[in-house]
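Engineer: For reference, the sequence and a predicted model appear below.
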2 protein chains.
Amino acid sequence: MLKKIIGIDIGGTTIKMAVIDFSGTILSKWEIVTETLNQGERIPESIIESIHGELNKQGTPLEDIIGIGVGVPGPVAKGVVQRAVNLGWETMPLKSRLESGLNIPVVLLNDANAAALGELWQGSIKSVTNLVFVTLGTGVGGGIIIDGKIINGAHSSGGEIGHIPVVASTERICGCGNTNCLESYASAAGMITTINELIRNPKERVTNAEEIFSLLSSGNSEAQKTVALTIDYLARALAGIINTVDPEEIVIGGGVSAAGSALLDPLREKLKQYVFPQIREGLTLRQASLGNDAGVLGAAYESLQLYQAEEKW
Amino acid sequence: MLKKIIGIDIGGTTIKMAVIDFSGTILSKWEIVTETLNQGERIPESIIESIHGELNKQGTPLEDIIGIGVGVPGPVAKGVVQRAVNLGWETMPLKSRLESGLNIPVVLLNDANAAALGELWQGSIKSVTNLVFVTLGTGVGGGIIIDGKIINGAHSSGGEIGHIPVVASTERICGCGNTNCLESYASAAGMITTINELIRNPKERVTNAEEIFSLLSSGNSEAQKTVALTIDYLARALAGIINTVDPEEIVIGGGVSAAGSALLDPLREKLKQYVFPQIREGLTLRQASLGNDAGVLGAAYESLQLYQAEEKW
């Protein structure tokens, strides 16, 4: 039988799962509700049950699955999720819990890192090995890939680019406790705060990021200022990352990236101003292309890479 | 006979060379003048001659040398130095030139990257694998090491941290063509410009960075402002790097690092303000400890790593 991988993407409301072949084709996908009751204690069990049930239904024997990759919304070290606020986990030995219930090798990684790997594997047209993935959503996250491998970092905090400090005329306290993190300005929430600070009439206040881009397209000056400011913060932070790791591609994902060229075109222009000349010419900036599948694909890819590295020996 | 490595550090005025054993002990070192005449055409030949002569004098047979690592002041791709302004090189196939004259495997790397590897190998007390090396000298350079390997980047510009943009109230054009690069403020030259902008009496103008730190220790207010400003620019840029790659150590080298705790103590404080909390506690900031030997040691280490990787097979 054809060997396969399972990719899992654990989110605060749903857990996405997919059976994926070695070429990156999703053979089947399904999702379950995230049971966050009792500090998310039942999550591992619900994943195990769901995989058993789904494979059974498909007539796929467990032995066909060579490994499972799991993207989690929190830092990971040595198979243990350190803190995943959205799930209620403080320290969750997820790798050993899943492995003892399924008897298949499990690898964990941070969800932004998983999405980055997914984009590298299936989203890039040419064969890219160095990529920086940026999610602009409720927060700002990132995944840094060098030589095809995620930088997890010495304290499981590689790619925490939402917490790069920015210089701003206002002061915003970030959820992490620091002041004026990139996330406080370049996330959807940050952009909304920025535009509402500019709008005088309380009745015109904006409540979501889509609205900002729709106002922008109708020539609204507060929207123009907000987007220009956001892009400047973002471009400066990205230039720092780019001048440090010198990637081939910058990939922008997350809800705000749906704005497409209204976001990417001016960002590309600003990056030309801030990026080291030798890097500038050969750099690609693109929108994420895999949408919600990036996480399961990247998690599966991490598992596949480990499997293939072992096969070599 | 004990096998050895040769480390070479090519600078604009001298070329440093050393015979080094596998534990990182420098067995002998010497230097020659950099012949920059005629676009530095004779540099490879002068290195070959010097190695032959020196090994001969020591009674060390060429066969004892398993490899040569060479740090060069410019970007390197596929054994070719792309542009080394200080040496007069446009494109120099240094690897093949040296290999044909010595018949020993040669590996090239950027000089800041070599110094970074040297500090990783011989400068760190505990076993560190992720390290960010920063040189504060005439310019600002860097070397990023992840999992023991230098990030050379997709355009041979990994670690070009001197060109991270800073937000400043003045405008300075950088040698690279961009405006307000970190290097324009945090290099020795940048600090001198900053203090001289603050000093009103032209007779009191400062001409070197040492003077700034000597004024600082005597309570001079312009020196205090200059150092505080420099450290703020530096800390913000470093926080961006740290939140991206999450290293174990930040190592500060180069001429300005001679200021020691007058520079490092306030920098450590500022980093606490800007770095992601989860990284902050476990991060070490230290002064480079190898001085002028970092380059030859790191170049030799790169060669040793390649040799040992091949031995495995």
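Structural biologist: Alright, I've got the coordinates.
Engineer: Would stretch A:104-116 count as contacting chain B?
Structural biologist: No - between stretch A:104-116 and chain B, judged by C-beta under 8 Å from any C-beta of the partner chain, nothing touches; the nearest distance is 11.2 Å. Where C-beta positions appear, they are placed from N, C-alpha and C, glycine not excepted.
Engineer: Extract the C-alpha set from that stretch and format it as PDB.
Structural biologist: As requested, C-alpha coordinates have been extracted for stretch A:104-116 and formatted as PDB (Å, rounded to 0.1, in the frame of the first residue of the first chain):
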ATOM      1  CA  ILE A 104       2.900   6.100  15.200                       C
ATOM      2  CA  PRO A 105       5.800   8.500  15.400                       C
ATOM      3  CA  VAL A 106       4.500  12.000  16.200                       C
ATOM      4  CA  VAL A 107       6.300  15.300  15.800                       C
ATOM      5  CA  LEU A 108       5.000  18.600  17.200                       C
ATOM      6  CA  LEU A 109       5.700  22.100  15.900                       C
ATOM      7  CA  ASN A 110       4.300  25.600  16.400                       C
ATOM      8  CA  ASP A 111       1.300  26.300  14.200                       C
ATOM      9  CA  ALA A 112       2.900  29.400  12.500                       C
ATOM     10  CA  ASN A 113       6.000  27.200  11.800                       C
ATOM     11  CA  ALA A 114       3.700  24.500  10.300                       C
ATOM     12  CA  ALA A 115       2.000  27.000   8.000                       C
ATOM     13  CA  ALA A 116       5.400  28.200   6.900                       C
END
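Engineer: Identify each buried residue in that stretch, please.
Structural biologist: When burial is assessed from 16 or more other C-beta atoms under 10 Å in any protein chain shown, stretch A:104-116 yields the following buried residues: A:104-116.
Engineer: Please dump these into a markdown table; it should also carry pLDDT and secondary structure for every row.
Structural biologist: Formatted as a markdown table, the entries for those read as follows, by pLDDT from 0 to 100; DSSP: H, G, I helix; E, B strand; the rest coil:
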| residue | pLDDT | secondary structure |
| --- | --- | --- |
| A:104 | 97 | coil |
| A:105 | 97 | coil |
| A:106 | 98 | strand |
| A:107 | 98 | strand |
| A:108 | 97 | strand |
| A:109 | 96 | strand |
| A:110 | 94 | strand |
| A:111 | 94 | helix |
| A:112 | 94 | helix |
| A:113 | 96 | helix |
| A:114 | 97 | helix |
| A:115 | 96 | helix |
| A:116 | 97 | helix |
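Engineer: can you put those residues in TSV and add distance to residue A:257?
Structural biologist: Conversion of the buried residues of stretch A:104-116 to TSV gives the following (distance: C-beta to C-beta, whole Å):
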residue	distance to residue A:257
A:104	33
A:105	33
A:106	30
A:107	27
A:108	25
A:109	21
A:110	19
A:111	16
A:112	13
A:113	17
A:114	17
A:115	11
A:116	14
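Engineer: Return the residues of the stretch 151-300 of chain A in contact with chain B.
Structural biologist: By C-beta under 8 Å from any C-beta, the residues of the stretch 151-300 of chain A that approach chain B are A:151-161, A:163-165, A:167, A:176-179, A:236-237, A:239-241, A:243-248, A:273-274, A:276-279, A:281-283.
Engineer: Just give the number of residues close to the closest residue to chain B within the stretch 1-150 of chain A.
Structural biologist: Distances from the stretch 1-150 of chain A to chain B, computed as C-beta to the nearest C-beta, single out residue A:130 as the nearest residue at 4.9 Å. For residue A:130, the tally of surrounding residues (other C-beta atoms under 10 Å in any protein chain shown) stands at 22.
Engineer: Spatially nearest residue to it, not counting backbone neighbours?
Structural biologist: In space, residue A:130 comes closest to residue A:247 once its chain neighbours are excluded; the distance is 4.3 Å by C-beta to C-beta, 6 or more residues apart in numbering or on different chains.
Engineer: My read is that residue A:36 contacts residue A:84, right?
Structural biologist: No - taking C-beta atoms under 8 Å as the contact criterion, residue A:36 and residue A:84 are not neighbours in contact, 9.9 Å apart.
Engineer: So if I had to pick from those two, which one is more boxed in?
Structural biologist: When neighbours are counted by other C-beta under 10 Å, residue A:36 and residue A:84 differ, and residue A:84 comes out ahead with 24 against 17.
Engineer: Just say helix, strand or coil for residue A:195.
Structural biologist: Recorded secondary structure, residue A:195: helix (DSSP: H, G, I helix; E, B strand; the rest coil).
Engineer: How about it, nearest residue that isn't a chain neighbour?
Structural biologist: Here the nearest residue to residue A:195 in space, its sequence neighbours aside, is residue A:226; by C-beta to C-beta, 6+ apart that works out to 4.2 Å.
Engineer: So what's the residue count around that neighbour?
Structural biologist: Residues near residue A:226, counting by other C-beta under 10 Å, number 28.
Engineer: What of residue A:157?
Structural biologist: Residue A:157 is surrounded by 25 other residues when neighbours are defined as other C-beta under 10 Å.
Engineer: how close does it get to residue A:175?
Structural biologist: Note on residue A:157: its distance to residue A:175, by C-beta to C-beta, to the nearest Å, is 14 Å.
Engineer: Isn't residue A:124 up against residue A:131?
Structural biologist: Yes - the pair residue A:124 and residue A:131 passes the contact test of C-beta under 8 Å, sitting 6.9 Å apart.
Engineer: picking up where we left off before, which parts of the host helix or strand of the residue nearest to residue A:195 are buried?
Structural biologist: Taking DSSP states H and E as the definition, one finds residue A:226 inside helix A:221-245. Neighbour-count burial for helix A:221-245 flags A:222-223, A:226-227, A:229-245 (criterion: 16+ other C-beta under 10 Å).
Engineer: between that helix and helix B:221-245, how big is the angle?
Structural biologist: Relative orientation of helix A:221-245 versus helix B:221-245 (axes from the mean of the first three to the mean of the last three C-alpha atoms, to 10 degrees): 80 degrees.
Engineer: what pLDDT, on average, does helix A:221-245 get?
Structural biologist: Taken as a whole, helix A:221-245 has a mean pLDDT of 98.
Engineer: following it, which helix or strand comes up?
Structural biologist: Using DSSP H and E, the helix or strand that follows helix A:221-245 in sequence is strand A:249-253.
Engineer: CA atoms only for that following strand, dumped as CSV, please.
Structural biologist: In CSV, the C-alpha atoms belonging to strand A:249-253 read as follows (Å, rounded to 0.1, in the frame of the first residue of the first chain):
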residue,chain,number,x,y,z
GLU,A,249,10.7,34.4,-0.4
ILE,A,250,8.6,36.4,2.0
VAL,A,251,5.1,34.9,2.2
ILE,A,252,2.2,36.9,3.8
GLY,A,253,-0.7,34.9,5.2
